[in-house]
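> need a structure here:
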Amino acid sequence: MKKAIVLIATIVFAVFTVYGQATSASDDKVKNPNAPEITFDKTVHDYGTLPYKGDGKCEFKFTNTGKEPLILTNVRSSCGCTVPKWPREPILPGHSSVINVEYKTNRVGKINKTVTVQSNGTTGAVVLRIKGQVLKQETTVTPEKATPVGQKK
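Just a heads-up that it's a prediction; the model follows:
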């Protein structure tokens, strides 16, 4: 008898758990028609080739195409060599702003980094990407000084 009661209680618990998850999932699908929406002019910046320790700055322009103020809650890069700067104040509907990104070009080789933008917008997180190539550091060879005639090296 105890086994039957435990079995029935387990089944009832499982049914309520599944029903609760289905209800909360359908609630998540209801979207606010006035919600802010972030729209970027571009999501990829191609530096092409950059010199060693060259200018690794770029910017990503975005617009709030929604009907409520847009708030960027977090902007993070995939590594420490990429530094994003973003506006902390709300972006009003129809207004634009920029996210400045600086890649430290003290590493030679290909660039393929991401910057993740989190906001209260309908799209949630947006991934921006920078790519390119940092060229090898050019080394300059200084010729040896000529030894004046009559002097030893």
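> which residue packs closest to Thr49, ignoring adjacent ones?
Gln133 (4.9 Å; Cβ to Cβ, 6 or more residues apart in numbering). C-beta: built from backbone N, CA, C; applies to glycine.
> Tell me who's in contact with Asp55.
Residues near Asp55 by Cβ atoms under 8 Å, 6 or more residues apart in numbering: Thr105.
> Correct me if wrong: Val44 contacts Leu128.
Yes. Under the criterion of Cβ atoms under 8 Å, Val44 makes contact with Leu128 at 7.4 Å.
> When these two are compared, which one has more neighbours?
Leu128 (23 against 12; other Cβ atoms under 10 Å).
> in the sheet, who's paired with that one?
Val115 (DSSP bridges).
> That one and Cys81, how far apart?
As judged by Cβ to Cβ, to the nearest Å, Leu128 and Cys81 stand 15 Å apart.
> Which parts of this protein are helices?
Under the criterion DSSP state H, the chain contains helices at 2-28.
> would you list every one of the strands in the protein?
38-40, 44-50, 57-64, 72-77, 82-85, 96-103, 109-119, 125-134 (DSSP state E).
> right, and the ones you listed - which one's nearest Lys3?
strand 125-134 (47.8 Å; Cβ to Cβ).
> I'm done for today, thanks for sticking with me.
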